[in-house]
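# Can you look at this prediction? I've put the sequence above it.
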Amino acid sequence: MAVVLADIYASFPEFALSLNIDALVTAKLTEAKAQVDYSLFENTVNADTAVKYLTARLLALSPAGLNMKLSGRDGATIYDATYMRVLRAAAFGYRVP
């Protein structure tokens, strides 16, 4: 499944409620899609999750997102942990303790 604008708003309603700037969200979604290589992921669900969280990260770092206080002064966002978890799973696979 390809991630679309409605998926971002459904997964991250804070952007739908606060930004409501479809052009900005679409631009960041396009940027995220260009950065995520679907061939690295075991399935499209995980790749789509990576696209969603990267889009959220990019939005949080945008001027509009900075006004929402979704990132710290160090550039870390509230979406980074999940994004990095999905990337690690793609790179190394899931581990069972």
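Happy to help now that I have it. Numbers count the residues shown, from 1 in each chain.
# Contact partners for residue 46?
86, 89, 90 (CB atoms under 8 Å, 6 or more residues apart in numbering). From N, CA and C alone the C-beta is placed, and that goes for glycine too.
# Could you report the neighbour count for the last one?
Which is residue 90. 20 (other CB atoms under 10 Å).
# Could you double-check that residue 26 sits in contact with residue 4?
No - applying CB atoms under 8 Å, one finds residue 26 not in contact with residue 4, separated by 9.1 Å.
# the more surrounded of the two?
residue 26 (14 against 11).
# Excluding chain neighbours, give the residue nearest to that one in space.
residue 5 (5.7 Å; CB to CB, 6 or more residues apart in numbering).
# Verify the contact between that neighbour and residue 22 for me.
Yes - Residue 5 lies in contact with residue 22 (CB under 8 Å); the separation is 6.3 Å.
# quick one: the helices in this protein?
With DSSP state H as the criterion, the chain has helices at 5-11, 13-18, 22-35, 44-61, 63-67, 80-92.
# Let me see the contact set for the spatially most central residue of the chain.
Note on the chain: the residue nearest the mean C-alpha position is residue 53, at 1.9 Å, using CA atoms, centre = their mean. Contact analysis of residue 53 by CB under 8 Å, 6+ apart lists 79, 82, 83, 86.
# Could you rerun that using 6 Å?
79, 82, 83 (CB atoms under 6 Å, 6 or more residues apart in numbering).
# which residues of this protein score low on pLDDT?
Counting by pLDDT under 70, the chain shows low-confidence ranges at 1, 19-20, 93-97.
# need the contact list for residue 45.
Counted by CB under 6 Å, 6+ apart, residue 45 has zero contacts.
# Please shift the residue numbers so they start at 34 in all later answers.
Renumbered: residue one is now 34, and that last one reads residue 78.
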